[in-house]
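> sequence and predicted structure below; questions after.
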Amino acid sequence: MSERIVRVACGQGFWGDRPEAPLEQVTRGPVDYVVMDYLAEVTMSILQKARSRDPAQGYARDFIPVLRSILPVCVESGIRVLCNAGGVNLEACRDAALETARGLGLTGRVRVGTVHGDDILARLPSLIEAGHEMRNLDTGAPLADIVDRIQSANAYIGAAPLVALLQQGATVVVAGRSTDTALTYAPVAFEFGWSPEDVDRYAAGVVAGHLIECGAQVSGGNTMVDWESVPDMANVGHPIIEARADGSFVVTKHPGTGGRISRQTVTEQLLYEIGDPRSYITPDCVADFTTIDLSEAGPDAVRISGVRGRPRTDSLKVSIAYTDGWKSTGTLVYGWPNAVAKAGAADGILRERLDRAGLELDAIRTEFVGWNATHAALTDHAAENVPEVTLRVSVRGHDRDAVAAFGMQVQAMVLSGPPGVTGFGGGRPKVQEVVAYWPALIDRTQVEPFLRLEVADA
Amino acid sequence: MSTLGRVPLIRIAYGRSGDKGDTVNIGIAARREEYFPILEQQVTAERVKSHFGAMVRGEVQRFELPNLWAINFLLHGALDGGGTVSLMLDGLGKTWAYALLRMEVEIPE
């Protein structure tokens, strides 16, 4: 008898990922689960705003057409779906999913499970009152400093509620601020019946989740090593985890798809957005990335084994978004000759006009796109040799009118600055509200007992 | 030390970078196992800090992952506040791995 394998496929690595990928994952080879991550750090605040305008909004709406594309195959093949598309309106997302199932003639064959309680926005005042300071992990400031400007507040939740929903027979699991990685290891832990105390296996699951949570970024996308020779990127295969009961797994993709999975592509993704590699903290365990053992297991297949973990901490991370003023970016293109010199002169004139107008701004930043915008002072290319450049000036401030006035001054430069200017067809720069991010910790006993599971049939 | 010469890091290493608020993380890995000691010995936190100069206002932390022939750096105070606060074109730090790989190292004989 061959060893049992559970296959978890990544369908979407972020809100905006290739819309065909989920259907390819469930049709081009065998998989047991397809998982989709929709939430970045400030997405919740955007969703919160959408919901305040329209009570039927507040979730990742792109999930619904994706679900429509895959649901018939998933039902036929017994593939289950996990996502964090619920955002701040799980009920609306669930209802849209159920409606989709019924519209496909799948009434009675789809069970949608939702996990509620990660959204602690309404509870913040009482939590602060009770002494939970939720200090900013970067600055140390207490949350009370900005409490009147908060847009959203969500605790990152782990695998336990997702596993429980799978146990209750959910075929589509819709979470809110579930961690990206838990979407991957919850089904593996469920299938193999891992105990939450088995921290090494959970840590291995975290590594698996980290590897596929960014979609094709582990299978050829953004890979630095030999990027020019990655085959058939137009047809890139999204990654799949083949997990085994002992916690080892292989990261691979369907045969016949493009892209590449190698020691290097896997290493790049392991290093992506990590801090101390000995302490990759999740709600379920602390994974130690220095224990990862990598080996190539065939074409486009890398085996990971030996992962060790430590028990979970007493805290959960909370992701809080709050309004913090306004910003605006204006761009103008300067052509040959002396493009950078002209753009620099325009920047000087613009700044003098902003000064004369007496605008109250907190910050001004100038970048020359096409010359030094990404590597700043490390740029070693002579400015004289740049044939054309985009002058990009941005400002930030707490006075909305001042930020708007900046945009008028940028536009005025078209007729009252250096020559050879173009690229202003987009009109006056827009004013954007700044929604800042406030990372904090909260005692997990203030969140987990308030989580609530629901299962509904189509 | 006799050396085969000075080369940009990108010849012997690769990497990926990203953001956590106002902090950039840059993970770099040796292209071959025998190059890892060069990274270990020469790409110190101090050198990385001076390489980036005024681009990094805070401290630079370094963490080793010998199992991956890799080192991870955290560069604090590098993204003008980070996220949606940042006015930087690359406020997410995506191009910073390449910026670090401009650094030159000595290849021992």
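Here it is on my side, so go on. Numbers count the residues shown, from 1 in each chain, chains lettered A, B, ... in the order given.

> what are the ranges of the helices in the chain?
No chain specified, so I'll use chain A. A:21-27, A:43-53, A:63-77, A:90-103, A:124-129, A:160-167, A:180-192, A:199-212, A:263-270, A:339-356, A:400-416 (DSSP state H).

> oops, I was thinking of chain B
B:36-42, B:45-52, B:96-100.

> related to what we said a few turns ago, minimum distance to A:Arg109: which of the helices of chain A has it?
In terms of CB to CB, the element of these nearest to A:Arg109 is helix A:63-77, at 5.2 Å. Where C-beta positions appear, they are placed from N, C-alpha and C, glycine not excepted.

> other SSEs contacting the closest one?
strand A:5-12, helix A:21-27, strand A:33-36, strand A:80-83, helix A:90-103 (3 or more CB pairs under 8 Å, 6 or more residues apart in numbering or on different chains; DSSP states H and E).

> state the distance from A:Leu104 to chain B.
Separation of A:Leu104 from chain B (CB to the nearest CB, to the nearest Å): 37 Å.

> which residue does chain B bring closest to chain A?
Distances between chain B and chain A by CB to the nearest CB are smallest at B:Gly27, namely 2.4 Å.

> how close does that residue sit to A:Leu211?
Between B:Gly27 and A:Leu211 the computed distance is 14 Å (CB to CB, to the nearest Å).

> common neighbours of these two, please.
Common contact partners of B:Gly27 and A:Leu211 (CB atoms under 8 Å, 6 or more residues apart in numbering or on different chains): A:Leu270.

> how about the contacts made by residue 43?
Reading this off chain A. By CB under 8 Å, 6+ apart, the residues touching A:Thr43 are A:15, A:60, A:87.

> other chain: chain B
B:9, B:28, B:71, B:103, B:105.

> what do you get for A:Gln12?
Contacts of A:Gln12 (CB under 8 Å, 6+ apart): A:21-22, A:36-38, A:66, A:83, A:215.

> rerun that using 10 Å as the cut-off
By CB atoms under 10 Å, 6 or more residues apart in numbering or on different chains, the residues touching A:Gln12 are A:18-19, A:21-22, A:25, A:34-38, A:60, A:62-63, A:66, A:83, A:85, A:213, A:215, A:238.

> select only the buried ones of these in PyMOL?
Here is the PyMOL command that picks out the buried ones among the contacts of A:Gln12, judged by 16 or more other CB atoms under 10 Å in any protein chain shown:
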select buried, chain A and resi 21+22+25+34+35+36+37+38+60+62+63+66+83+85+213+215+238
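
> between the contacts of A:Thr43, which sits nearest chain B?
When the contacts of A:Thr43 are compared against chain B (criterion: CB to the nearest CB), the nearest one is A:Trp15, at 14.9 Å.

> look up phi and psi at that closest one.
The phi/psi pair for A:Trp15 (degrees, to the nearest 10) reads phi -70, psi 100.

> residues near it, how many?
19 (other CB atoms under 10 Å in any protein chain shown).

> again with A:Ile349
A:Ile349 has 16 neighbours, counted by other CB under 10 Å.

> for the closest residue to B:Leu4 other than its chain neighbours, what are its contacts?
Nearest non-adjacent residue to B:Leu4, counting by CB to CB, 6 or more residues apart in numbering or on different chains: B:Ile107, 4.4 Å away. By CB under 10 Å, 6+ apart, the contact set of B:Ile107 is B:3-7, B:11-12, B:35, B:38, B:42.

> what residue in the stretch 51-200 of chain A comes nearest to chain B?
For the stretch 51-200 of chain A, the residue closest to chain B is A:Asp138, as judged by CB to the nearest CB, at 5.4 Å.

> check contacts around the residue lying closest to that residue once chain neighbours are set aside.
Take A:Asp138 and drop its neighbours on the chain: the residue closest to it by CB to CB, 6+ apart is B:Gly21, 5.4 Å away. Counting by CB under 10 Å, 6+ apart, B:Gly21 touches A:41, A:136-139, A:436-439, B:76-77, B:79, B:81-83, B:85-86.

> B:Gly58 too?
Here B:Gly58 is in contact with A:138, B:22-23, B:49, B:74-78 (CB under 10 Å, 6+ apart).

> now tabulate those residues in a markdown table and tack on neighbour count and distance to A:Asp324.
Shown next, in a markdown table, are those (neighbours: other CB atoms under 10 Å in any protein chain shown; distance: CB to CB, whole Å):
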| residue | neighbour count | distance to A:Asp324 |
| --- | --- | --- |
| A:Asp138 | 19 | 14 |
| B:Asp22 | 23 | 13 |
| B:Thr23 | 22 | 18 |
| B:Lys49 | 16 | 28 |
| B:Leu74 | 20 | 23 |
| B:Leu75 | 26 | 22 |
| B:His76 | 17 | 20 |
| B:Gly77 | 18 | 17 |
| B:Ala78 | 24 | 19 |
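
> ok, those vs A:Glu76, which is closest?
Checking these against A:Glu76 by CB to CB gives B:Thr23 as the nearest, at 45.9 Å.
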